Each structure stands twice: as C-alpha cells, then as structure tokens.
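>>> okay, sequence plus prediction incoming.
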Amino acid sequence: MPPEPASRPRLRFRRRHRLSGARAFGLVFREGRRVGGKAMVLYVLPGSAAEPRLGLSVGRRVGKATVRNAVKRRLREVFRLLLPELEQPVDIVVVPLAALRSGRHADLEAEFRELLQRALRIRAQR
C-alpha cells in the first residue's frame, strides 16, 4: 500500500470519537439541541466531552440490518471527514430517517454539515 501524501492529514474514526452508553445518549437527547432535515435528525450538545463524539440511533424503519449497517458506515464517514472542521468538543447523535437509504454521499454530507451549523449557531445565540 503506498504511503499517503504529506499534505493530507490522516483522518480516522477512533474509539474516542464514539458516543456510547445509555447515559451519554440520554444526556444528548434530553439536553441537546434538535435540528431536523430531509434525511436525518441531529441532536447536538456542545462541550460535554474532550473531543467531538458521534452516536448513531438507526431504527428498523430505515431498513433491514444490511441497510442499517450501510447507513451507519456512511454517517461515520461523513463525521470522520468533518472532524478537522469541528473546533469545539461536541456530542452529536444522528437519527437517520428512511429517506437516507437513497441519496448521494455529497448530498448526505451537505445536509449533515448544514444541520450541524444550524444547531451550533442556535445554541450559541441562547
């Protein structure tokens, strides 16, 4: 495998970027800001951890297990690509809607980015 170019930082979705546990999810659902779009709903809670973390809540409405797993992979990839742009620690829980099954990666990334910006902007104005 050839080495990566020096100009591109190596981005990985590490364990420390995962939101896990019922208590952490409950906190974000209860106290986080909720913003919805066509394909997903984001719950965002700034400043509750040392680094940005992502939690996924993918229900059966999205599809069978293989479809749900594919959706989770796509959402983790979008989050991984946005990590360098997240300047503050923030916990994010994504609840995908059935519309997420279809759609291009660029559209998914654009919606994720737009919803996140809306949530953080609204939160800052409070």
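Perfect, thanks for sending it.

>>> next one: the lowest-mean-pLDDT helix or strand in the chain to chain centre, how far?
Taking mean pLDDT, DSSP states H and E as the measure, the chain has helix 105-125 as its least confident helix or strand, at a mean of 83. Centroid separation for helix 105-125 versus its chain: 10 Å, with Cα atoms, centre = their mean, to the nearest Å.

>>> buried residues, that helix. List them.
108-109, 111-112, 115-116, 118-120, 123 (16 or more other Cβ atoms under 10 Å). The C-beta positions use only the backbone N, C-alpha and C, and glycine is treated the same way.

>>> any chance of these in JSON lines with distance to residue 41 as columns?
As requested, the buried residues of helix 105-125 are arranged in JSON lines below (distance: Cβ to Cβ, whole Å):
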{"residue": "108", "distance to residue 41": "14"}
{"residue": "109", "distance to residue 41": "16"}
{"residue": "111", "distance to residue 41": "11"}
{"residue": "112", "distance to residue 41": "11"}
{"residue": "115", "distance to residue 41": "8"}
{"residue": "116", "distance to residue 41": "12"}
{"residue": "118", "distance to residue 41": "12"}
{"residue": "119", "distance to residue 41": "10"}
{"residue": "120", "distance to residue 41": "15"}
{"residue": "123", "distance to residue 41": "16"}
